[in-house]
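A.B. asks: Predicted model and sequence follow; I will ask about them next.
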Amino acid sequence: MPALHIRNVDDAVVTALKRRAAAHNRSLEGELREVLEQIAFPRRSLQKRSPGGKLPLKTVNVGAKTNYGRDEIYGDDAR
């Protein structure tokens, strides 16, 4: 398999890529492979991320709680 060598990459770019790799639990090399694959084959990378081409959803806790009941959200109990 061919290898790539890129010279004169700005230190800030390398630092940002290392952070991105850590966020995805990958090595810098693995993250760069993923980035290059996404650029070269954008449709393939979308399909790889989630089956059926659906977007993955993530819920987050923002620290606030709501007291809305089902009837307040949907307007009736028929749903």
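C.D. replies: Cool, the structure landed. All values derive from a computational prediction rather than experimental measurement.
A.B. asks: Where does Ile39 sit: helix, strand or coil?
C.D. replies: Secondary structure state of Ile39, per DSSP: H, G, I helix; E, B strand; the rest coil, is helix.
A.B. asks: That one: how many residues sit nearby?
C.D. replies: Neighbour count for Ile39, taken as other CB atoms under 10 Å: 9. The way it works is simple: take the backbone N, C-alpha and C, and place the C-beta from them, glycine included.
A.B. asks: and if you look at Phe41?
C.D. replies: 12.
A.B. asks: separation between it and Val9?
C.D. replies: 23 Å (CB to CB, to the nearest Å).
A.B. asks: ditto for Leu32
C.D. replies: For Leu32, the distance to Val9 - CB to CB - is 10 Å.
A.B. asks: Mind jotting down where the helices sit in this structure?
C.D. replies: 11-23, 28-40, 42-49, 70-74 (DSSP state H).
A.B. asks: rank those by mean pLDDT and give me the bottom one.
C.D. replies: Mean pLDDT is lowest for helix 42-49 among the helices of the chain, at a mean of 66.
A.B. asks: do you know how far Gly30 is from Leu4?
C.D. replies: For Gly30, the distance to Leu4 - CB to CB - is 14 Å.
A.B. asks: next one: Glu72
C.D. replies: Taken as CB to CB, the span from Glu72 to Leu4 is 56 Å.
A.B. asks: now swap in Leu32 and tell me
C.D. replies: 9 Å.
A.B. asks: neighbour count winner among these two?
C.D. replies: In terms of neighbours (other CB under 10 Å), Leu32 is the more surrounded of Leu32 and Leu4; the figures are 16 against 7.
A.B. asks: surely the more buried one meets Leu17?
C.D. replies: Yes - using CB atoms under 8 Å, Leu32 is in contact with Leu17, at 6.8 Å.
A.B. asks: Adding distance to Thr59, write the helices of the chain out as CSV.
C.D. replies: Below are the helices of the chain laid out as CSV (distance: least, CB to CB, whole Å):
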stretch, distance to Thr59
helix 11-23, 18
helix 28-40, 24
helix 42-49, 17
helix 70-74, 16
